[in-house]
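1. I need the structure of the sequence given here:
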Amino acid sequence: MKTERRSILKKLFTSIAGVAGLGTVAKAADATPEKEVGNITTIQDVPLFSGHTKFNNMVFVAGKGAHFEGDITAHTKHVLDELEKELIAAGSSMSKVLKCSVFLHDLNDYKAMNEAYKGRFGDKPPVRTTVAVYGGVPGNSLVEIDCIAYI
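-> Just a heads-up that it's a prediction; the model follows:
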C-alpha cells in the first residue's frame, strides 16, 4: 500500500513539475553556454582583451578610441564607425544597442560630441552615460565609447 501511494505521489509530482517548467529549468542549468570573443588584442603573445564578447544573445563591445590628430567631431565619428564594425562582426547592429558609455577627455566637448553622435543609433537610441575622465582617455583619444547590444 505504501509503495503504491509513493508511486502515485511520485507520478503526480513529476507531472506538476513538468507543467510548472521545473524540468526545463534543471536541463537549462546543466547546459551553461560558452562565451564567444572576437578581435583579441595581445601584447607579447598574451591575450589582453577582446574587441567584443558574446554571451547568449548579448554582445559587449570594448571601448573604442580615436588615436590620431583631430577634433572631437572627427574622433566621435571614427569611434562610432569602429563600434559599428565591431557590432556587425559580432552579428549585431547599431539599432540593437541597449547601452553606451561615453568617456570624454574634456567635458567642454560634450555639445560637439552630441552633434556627431546624434542619429547613429536610429530612432530608438540606447540609454547612455557620459563622463569626463580625470587624466584623459588612454591613447590621447578625445573620446572613448563602449556599448552593450543584443543579437
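
2. I'd like the next helix or strand past the strand of greatest length in the chain.
-> Secondary structure of the chain read by DSSP state E shows that its longest strand is strand 46-55. Helices and strands here follow DSSP states H and E; after strand 46-55, the next one along the chain is strand 58-65.

3. what lines up beside that next one in the sheet?
-> When pairing is defined by DSSP bridges, strand 58-65 lines up against strand 46-55 (antiparallel), strand 143-150 (antiparallel).

4. of those, which shows the lowest average pLDDT?
-> Among the strands paired with strand 58-65, strand 46-55 carries the lowest mean pLDDT, a mean of 82.

5. low-confidence stretches in this structure?
-> Within the chain, the segments meeting pLDDT under 70 span 1-30, 35, 39-44, 46-47.

6. domains in it, by residue range?
-> Per automatic domain parsing, the structural domains of the chain span 1-32, 36-150.

7. surely Glu86 and Lys64 touch.
-> Yes - using CB atoms under 8 Å, Glu86 is in contact with Lys64, at 7.1 Å. C-betas here are computed from N, CA, C, even on glycine.

8. follow-up on the earlier one: so which of the domains of the chain has the densest surroundings on average?
-> Scoring the domains of the chain by mean neighbour count under mean count of other CB atoms under 10 Å gives domain 36-150 as the most buried, with a mean of 16.

9. how far off centre is stretch 124-138?
-> Centroid displacement of stretch 124-138 relative to its chain, using CA atoms, centre = their mean, to the nearest Å, is 15 Å.

10. repeat that for stretch 106-113.
-> 24 Å.

11. any idea what the nearest residue to Ser92 once chain neighbours are set aside is bridged to?
-> The spatial neighbour of Ser92 that comes closest, neighbours along the chain excluded (CB to CB, 6 or more residues apart in numbering), is Ala149 at 4.5 Å. With DSSP bridges as the criterion, Ala149 is bridged to Val59, Val97.

12. quick one: Ala149 from His52, how far?
-> Ala149 sits 9 Å away from His52, going by CB to CB, to the nearest Å.

13. so what's in contact with these two at the same time?
-> Common neighbours of Ala149 and His52 (criterion: CB atoms under 8 Å, 6 or more residues apart in numbering): 59, 61, 87, 90.

14. okay, these in JSON lines with distance to Leu142 next?
-> Shown next, in JSON lines, are those (distance: CB to CB, whole Å):
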{"residue": "Val59", "distance to Leu142": "25"}
{"residue": "Val61", "distance to Leu142": "19"}
{"residue": "Leu87", "distance to Leu142": "22"}
{"residue": "Ala90", "distance to Leu142": "25"}
